[in-house]
Structures are given as C-alpha cells and as structure tokens.
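J.: based on what follows, work out the 3D shape:
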Amino acid sequence: RFRSKRIVFCFVLRRIVVCVMSHVRVLKRELRKSVRSQLRTLEESQLVSESAQISERLLQLPIYQHAQSIALFLNMPHSEYHTEAIIKASFAQNKRVYFPVITSVETSQMKLLQGYDLDDISKWKRNHWDIQEPGLNENRNDALVHESRLDLIVLPGVAFDRNCARLGQGMGFYDRLLNKFEEQYKEKGINLPNLIGVGLSVQLVDEVPMNEFDKVLDMVVLPNATFSRV
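T.: Numbers count the residues shown, from 1 in each chain. You can find the predicted model right below:
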C-alpha cells in the first residue's frame, strides 16, 4: 500500500514538473517575441551609441582587464551589440581571443576557436545567420582543449535581468557549450570561466523565466548599468 502511494506521488510530481517546465517554455517564447520586436525598432544611431557604451563598460571591468584568455562573439548584422571595438581592444592587449563556431545545428553544438587578429577575422565565412565564423579545418586552438582555464566568456542573449539571468535565442548552443566546460573543469577541480552577458537597453527585463538547467551569469553589462552576482 505504501509502495502504491509512493508510485502515485512520483507520478503526480513528474506531472507537476512537466507542467512547470512547459509553462517556462511558453514564457520564454513570449518574452523572446516581445524583446525581438523592440530590437527591430532601434535606430542604427542608437545601436552604435549603446554599443560604444557597453564596450567602454567592459574595458573598465577588472574581470575583463585581468583576463588573459577570453571568448567573445561576432555580432549579428542587426539588432545586437556591436562587438568590433571590444574585439579590437582585446587583440591590442594581447589577450588570447576565442570565437564561437557551430559544429552541428541539429544537436546545437559549437566550439570556441581562436582568432588571431582583425585581418584573420576578415577572411572568415558567414554562417546561416550571417555571422562570421572561424574555419573548422584550419588547425586553430580550441579553448576547451588548449586553455588550462579560459578566464572569461562574453555572451550575447535576447534578454537579461538584474539578477544576471539570461534568455538565449532558444537553440541551446551556449547551454550545451557551458555544460561541456562544466564537466571538464569539474574533473580538473577548477571553476567555470567568468560569464558576462552583454545587451542593449531594451534587452533588460524585470525577470527572465528560468528552469533548473539554466545557468545564471556572473555579470550583465548594459549601456547604462552593470549588474553582478558577486
């Protein structure tokens, strides 16, 4: 009889978990739709101005200044923080800079491969989302393999909140990548790289819906504010 009650309890609990996760997915989908709509209305002048402010804030952060190895990203052509200035500054400071490259769209897999300078980047091809990527067959260093510990990962996103929660594009590329880092670093007994999310002013929301698998960032940098968990 006790076993029977326990089975019923477990079944009900699973149903509750499934319902909660389904509800979170709906909230995320609606939030993405809302923020993307606002991003499409941004004037280019505002995008350029806010991008400059974000880059300046990043440059002033000790967590950035002390990083010797860093993962950045090349922005989408529209409606996203322009990363050229922070990339240029990172190369000028002789940081080892890594960039995402998608290895499988079907399973949402990507790697972080090293870029060497702006001239190197200018030769990269564009992917399905019109974002330049380093080539997979160019014998480039892989951050997960060649760095004993990557110091910092700067992440894009659709939305962020003041508690450093991040809403991604919904494909799970960064989630799976960070899980790989977490597994490998745990075996080595070292901490994850510091995680900083960057976004435009309209990408700040009151609350990002989260599930148990979502990772909270260490910091979020916006044009007029910086939020930190530390």
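J.: neighbours around K180, how many?
T.: When counting by other Cβ atoms under 10 Å, one arrives at 14 neighbours for K180. Heads up, the C-betas are built off the backbone N, CA and C, glycines and all.
J.: same deal with the one 3 residues further on?
T.: Neighbourhood size, E183 [other Cβ under 10 Å]: 9.
J.: quick check: next helix or strand after the helix or strand where it lies?
T.: Element membership for E183, per DSSP states H and E: helix 173-188. As assigned by DSSP H and E, the chain's next helix or strand after helix 173-188 is strand 194-198.
J.: ok, which stretches of this protein are helices?
T.: Taking DSSP state H as the test, the helices found in the chain are 2-39, 44-60, 62-65, 84-92, 118-122, 143-146, 173-188.
J.: give me the angle between the helix holding E183 and strand 194-198.
T.: Relative orientation of helix 173-188 and strand 194-198, computed by axes from the mean of the first three to the mean of the last three Cα atoms, to 10 degrees: 170 degrees.
J.: contacts for helix 173-188?
T.: With contact meaning Cβ atoms under 8 Å, 6 or more residues apart in numbering, helix 173-188 is reached by 100, 102, 107-112, 144, 148-150, 153, 155, 168, 191-193, 195, 213-215.
J.: same deal with stretch 28-37?
T.: The contact list for stretch 28-37 (Cβ under 8 Å, 6+ apart) reads S79, V158, A159, L167, Q169, G170, V202, Q203, V205, V208, P209.
J.: redo that, cut-off 7 Å
T.: Stretch 28-37 is contacted from outside by V158, A159, L167, G170, V202, Q203, V205, P209, using Cβ atoms under 7 Å, 6 or more residues apart in numbering.
J.: from L155, how far out is the fourth one?
T.: Which is G170. Distance, G170 to L155, by Cβ to Cβ, to the nearest Å: 14 Å.
J.: and those two? Which one has more around it.
T.: Taking neighbours as other Cβ under 10 Å, G170 and L155 compare with L155 leading, 22 against 12.
J.: could I get the pLDDT score of the nearest residue to the more buried one once chain neighbours are set aside?
T.: Spatially, and ignoring its direct neighbours in sequence, L155 is nearest to G197 (5.1 Å; Cβ to Cβ, 6 or more residues apart in numbering). Here, the pLDDT recorded for G197 equals 98.
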